[in-house]
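Fold the following, please.
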Amino acid sequence: PELMVLGLLILISQIINQVVQELTPGEFSWETVTAVFVATTDLITRFFNSIYEAEGFSLFSPAVKITAVVLFVVAWLLRLDKPIYLLSFATFKAPDSWKCTHEQIVDMMKNQNCFTQESLDFMKRILERSGTGQATAWPPGIVQCLEEGKEADRSMDASRKEAETILFDIVEKALKKAKVDPKEIDVLVINCSLFSPTPSLCAMVVTKFGMRSDVSTYNLGGM
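Predicted coordinates:
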């Protein structure tokens, strides 16, 4: 829109310049302002009449014609639906301490002391067909139960810390790759299937990166 306004101003100035050159080939004085205004109005009126009567742009100089055509093309492009571009993306690479084999995952489930052997056997069969590898990342609060004497930490604090570790890392990398300042963000959408705390994950990111107070946030939860 700003470019369109600038273009219109350039077009009007070119029309006025054409009128001035035609009316006063020599020096320009303030006495001719009224005459220039009247002539410019008349020229613009004749311009629209020429378009209506399909006579083309024969009234104008080449510079005016080119500017008018460029403005028409820009206006047409602005009316098109704006596509959505992926400026950048980032993924989180879990530390090695988070990675587990299938056998370790089954051991973690055993250490929860709430599953029957039948349930554990079923989990093992599912893992074998899940398509996950032998270095699949699991929440650090759960992984720690593999260490002797430690229990799984399923608290809100542990879950929030895990979310902060992942979200802060990928948001920082994505902003850096896209060369976007956090205050330029208008909409923030975060989707997490299981963890939906209060304050939300969106609020956590907005506070961490100093985004604007009027940013639209959408925190999605559920499968």
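
quick one: contacts for the residue lying closest to Ile170 once chain neighbours are set aside?
Of all residues not flanking Ile170 in the chain, Ala90 sits nearest, at 4.4 Å (C-beta to C-beta, 6 or more residues apart in numbering). Glycine gets a C-beta too; all of them are placed from N, C-alpha and C. Shown in contact with Ala90 (C-beta atoms under 8 Å, 6 or more residues apart in numbering): Asp169, Ile170, Val171, Lys173, Ala174, Lys177.

Mind doing that once more with 7 Å?
The neighbours of Ala90, taking C-beta atoms under 7 Å, 6 or more residues apart in numbering as the test, are Ile170, Lys173, Ala174, Lys177.

With Ile10 instead?
Thr67.

Ramachandran angles for Asn191?
phi -120, psi 120 (degrees, to the nearest 10).

bridging residues for it?
Taking DSSP bridges as the rule, Asn191 bridges to Leu220.

one step back: from Thr165, how far out is the residue nearest to Ile170?
Ala90 is 14 Å from Thr165, where distance means C-beta to C-beta, to the nearest Å.

hang on, the residue nearest to Ile170 in a strand?
No - assigned with DSSP: H, G, I helix; E, B strand; the rest coil, Ala90 falls outside any strand and is coil.

can you give me phi and psi for it?
Residue torsions, per degrees, to the nearest 10, at Ala90 are phi -150, psi 150.

so where do the strands sit in the chain?
Assigned by DSSP state E, the strands in the chain fall at 99-100, 136-137, 187-192, 216-221.

Having no further points to raise, I will conclude here.
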